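> Build me a structure from this.
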Amino acid sequence: MRALTHVPSSNLHHGQRTHVPRQAIDEALALQQHRAYCQMLRDCGAEVRTLDVNRDLPDATFLEDTAIVLDEVAVLASMGTEARRRELAGIEPELRKYRAVERVEVPATLEGGDVLRVGRRLLVGVSCRTNLAGVQAFEAIVGRYGYPVVPVPVLHCLHLKTACTALPDGSLLVNPSWLEMERLRDCEIVCVPEDEPWAANTLPVGQSVCLAGEHGQTADLLRRRGFDVRTVPLSEFAKAEGGVTCLSLLFD
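As a prediction, this is how the structure comes out:
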């Protein structure tokens, strides 16, 4: 498995915020946490490549949002906030090293944090960053490769993956307060502890489940369900509304 990551920008504190207050970010600690994150991916068996193509752009380290990489194609996103669209020019040449690339174009908007793959099915969040036109444009691309798309309205958080991620056994770890749950009625649901509303953002790497070290109750919950759980502190990225999925693009 490959993992693309991007070094944190020294301008991370100037990035976008939607559902969290703006707080000071410790740049040195963010770099330390990012290195530990990359090492966690290596420990799970991923081959990690760290990019440095958008260092001046505040949110460039949140690489997940720029694209959706499937087995057959990479879909370059059309970011839901204009401030992030400059990231795409740096990322597209990297993606072309591994996949053919197709694009979603504005006014349709789509961000990778809103796309969750569960087997061959793609759950796509309708959020403040991904609109219905973006879902439809994405569906027109991936439908040619046999991927059904299920739109899921997102409530009170930035992206679908803020509130819902897939575990290695196919079940979904969910904060039910932040999603339209009716769209997930045919899925096995595991709810995060009420005290950890941000903990649904997890990253399966092989048979391991990675999550932010700040979510200890959820880590224990997943261990009791038999998963190999890996954690790393991500406090500085949480201040920028980021989580464990946001910091990489994973693909075979």
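> Could you use CA atoms for every contact and neighbour count after this?
Will do.
> most remote residue from the protein's center?
residue 224 (24.5 Å; Cα atoms, centre = their mean).
> Let me see the contact set for it.
Counting by Cα atoms under 8 Å, 6 or more residues apart in numbering, residue 224 touches no other residue.
> For it, grab phi and psi.
The phi and psi values for residue 224, taken as degrees, to the nearest 10, are phi -60, psi -20.
> Starting from residue 41, give me the distance back to it.
Remark: distance between residue 224 and residue 41 (Cα to Cα, to the nearest Å) = 22 Å.
> How about residue 221?
Plainly put, residue 221 is 21 Å away from residue 41 if you go by Cα to Cα.
> which one of these two has more residues nearby?
residue 41 (24 against 16; other Cα atoms under 10 Å).
> burial measure for residue 171, as a count.
Count around residue 171 with other Cα under 10 Å applied: 14.
> which residues touch the residue nearest to it when sequence neighbours are not counted?
Counting by Cα to Cα, 6 or more residues apart in numbering, residue 171 lies nearest to residue 188, which is 4.9 Å off, once chain neighbours are set aside. Residues in contact with residue 188, defined by Cα under 8 Å, 6+ apart, are 170, 171, 172.
> so what pLDDT did residue 188 get?
Note on residue 188: pLDDT of 96.
> could the contacts of residue 188 go into a markdown table alongside secondary structure and pLDDT?
Putting these into a markdown table (DSSP: H, G, I helix; E, B strand; the rest coil; pLDDT from 0 to 100) gives the following:
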| residue | secondary structure | pLDDT |
| --- | --- | --- |
| 170 | coil | 93 |
| 171 | coil | 96 |
| 172 | strand | 98 |
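> Make CSV from those residues and add distance to residue 158 to it.
Below are the contacts of residue 188 laid out as CSV (distance: Cα to Cα, whole Å):
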residue, distance to residue 158
170, 23
171, 22
172, 18
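> quick one, longest helix in the chain?
Determined from DSSP state H, the single longest helix within the chain is helix 27-43.
> Return the list of helices and strands in contact with that one.
Applying 3 or more Cα pairs under 8 Å, 6 or more residues apart in numbering; DSSP states H and E, one finds that helix 27-43 makes contact with strand 47-51, strand 228-232, helix 235-238.
> where along the stretch 151-252 of the chain do the strands fall?
Counting by DSSP state E, counting those that start in this stretch, the stretch 151-252 of the chain has strands at residues 164-166, 172-174, 189-191, 203-205, 208-212, 228-232, 249-251.
> which of those strands is buried the deepest?
Of all the strands of the stretch 151-252 of the chain, strand 164-166 has the most neighbours on average by mean count of other Cα atoms under 10 Å, namely a mean of 26.
> Now do residue 16, the pLDDT please.
pLDDT, residue 16: 82.
> gap between the two ends of stretch 73-92?
For stretch 73-92, the first-to-last residue distance is 12 Å (Cα to Cα).
> residues of that stretch that come out buried?
Across stretch 73-92, burial judged by 16 or more other Cα atoms under 10 Å covers 73-80, 84, 87-88, 91-92.
> Stretch 34-42 too?
With burial defined by 16+ other Cα under 10 Å, the residues of stretch 34-42 counted as buried are 34, 36, 37, 38, 39, 40, 41, 42.
> Quick one: residues contacting the last one.
With contacts taken as Cα under 8 Å, 6+ apart, residue 42 has the following neighbours: residue 48.
> same thing but 10 Å
Contact partners of residue 42, counting by Cα atoms under 10 Å, 6 or more residues apart in numbering, are 1, 2, 3, 36, 48, 205.
> ok, the third one touching residue 38?
Yes: taking contact to mean Cα atoms under 10 Å, the distance of 8.6 Å between residue 3 and residue 38 places them in contact.
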